[in-house]
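**Student:** Sequence and computational prediction follow.
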Amino acid sequence: MPEGDTILRAARTLHQALAGRTVTRFTSTLPQVAGGARHHRIEGRQVAAVQARGKHLIVRFSGGPALHTHMRMSGSWHLYRVGSRWRQSESLARAVIETGDRVAVCFAAPVVEWLTPGQEAAHEPLRSLGPDVLAESFDAAAARANLRAAPDREIGEALLDQRSLSGIGNVYKSETLFLCGVSPFERVGSLDDHALDGIVATARRLMRANVATPERRTRATLGPQRRWVYRRAGQPCLRCGALIRMKRQGEAARSSYWCPRCQAG
């Protein structure tokens, strides 16, 4: 699943390419999305903005509704010149926004929907989002308070709850907790404010450092090992040599990677 840094990078790229340009064609393989575009007369409107909210990407049109997309495990946005070859099948094009010589394509996203301003304000997945880790106005105190609201929850699971703070996924959860020396199975209530603030600040720092590049890296090295623990189960820890472990965690059974020696909670 794309994490907040990937979505913000995509939103910035699409905004730079499309904002202020008039939609000359809009198509979708989803009848409801295609019909909504006709109903709202999207063709002829300008793209007003493309924004990221946590793991959600929203395309706004002048005087009209917003196109809300969520990539989950399968989706992605691509940008092309009109007439160039697409990297995925046309049958997977959930939304195609053409603005003259530029075309943005949302492939295989499981969530693609039109939202009027009123619908967006009442939209539960968006309305309930916690502070966006990558937002300039990020409220670290609110994020800590949200985490504190479930003291019996394991920190590895809590960091993935987008209602506490939004944007963090499996990669940054595992890498952040390693760098902070905290076991993913430590209970939130056992961590003091200093520890929680350090975890949140570390996640924000790592993610902000990767917004500008698709080659995600959490280690300050040019070597082949770009990450400390994520997807390195059974390999030696790059700090202490102990074997990295992986375990499914929480109701969603998301994978957590950790060093049992460096993160002995």
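**Tutor:** Structure received.
**Student:** Any regions of the protein where pLDDT drops low?
**Tutor:** By pLDDT under 70, the weakly predicted segments of the chain are 1, 222.
**Student:** go with 80
**Tutor:** Counting by pLDDT under 80, the ranges of the chain that qualify are 1, 221-223, 265.
**Student:** Could I get the full set of helices for it?
**Tutor:** For the chain, the helices defined by DSSP state H occupy 4-18, 31-39, 117-122, 124-127, 140-148, 155-158, 170-180, 193-210.
**Student:** Tell me which of the ones you listed lies nearest to residue 77.
**Tutor:** Nearest to residue 77 among the helices of the chain is helix 4-18 (4.8 Å), distances taken as Cβ to Cβ. In this view, the C-beta of every residue, glycine as well, is placed from N, C-alpha and C.
**Student:** starting at the chain centroid, how far to that closest one?
**Tutor:** Chain-centre distance of helix 4-18: 11 Å, with Cα atoms, centre = their mean, to the nearest Å.
**Student:** how big is the angle separating that helix from helix 170-180?
**Tutor:** 130 degrees (axes from the mean of the first three to the mean of the last three Cα atoms, to 10 degrees).
**Student:** Now do the buried residues in helix 4-18.
**Tutor:** Of all the residues in helix 4-18, those buried under the rule 16 or more other Cβ atoms under 10 Å are 4, 5, 6, 7, 8, 9, 10, 11, 14, 15, 17, 18.
**Student:** picking up where we left off before, now the helices of the chain as JSON lines including distance to residue 247?
**Tutor:** Shown next, in JSON lines, are the helices of the chain (distance: least, Cβ to Cβ, whole Å):
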{"stretch": "helix 4-18", "distance to residue 247": "24"}
{"stretch": "helix 31-39", "distance to residue 247": "39"}
{"stretch": "helix 117-122", "distance to residue 247": "37"}
{"stretch": "helix 124-127", "distance to residue 247": "27"}
{"stretch": "helix 140-148", "distance to residue 247": "21"}
{"stretch": "helix 155-158", "distance to residue 247": "9"}
{"stretch": "helix 170-180", "distance to residue 247": "11"}
{"stretch": "helix 193-210", "distance to residue 247": "19"}
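**Student:** closest one to residue 227 among the ones you listed?
**Tutor:** Taking Cβ to Cβ, helix 170-180 is the member of those nearest to residue 227, at 5.9 Å.
**Student:** How about residues contacting that closest one?
**Tutor:** The contact list for helix 170-180, computed with Cβ atoms under 8 Å, 6 or more residues apart in numbering, reads 1, 3, 5, 155-156, 159-160, 168, 183-184, 195, 198-199, 202-203, 206-207, 216, 218, 227-230, 254-259, 262-263.
**Student:** circling back: dump the buried residues of helix 4-18 into CSV; add distance to residue 94 as well.
**Tutor:** Output for the buried residues of helix 4-18, formatted as CSV (distance: Cβ to Cβ, whole Å):
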residue, distance to residue 94
4, 21
5, 22
6, 17
7, 16
8, 20
9, 19
10, 14
11, 17
14, 15
15, 19
17, 18
18, 17
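**Student:** Closest one of those to residue 129?
**Tutor:** residue 4 (10.9 Å).
**Student:** ok, now which ones touch that closest one?
**Tutor:** The contact partners of residue 4, by Cβ under 8 Å, 6+ apart, come to 52, 54, 55, 132, 133, 134, 166, 167, 168, 169, 207.
**Student:** Cool, thanks, talk later.
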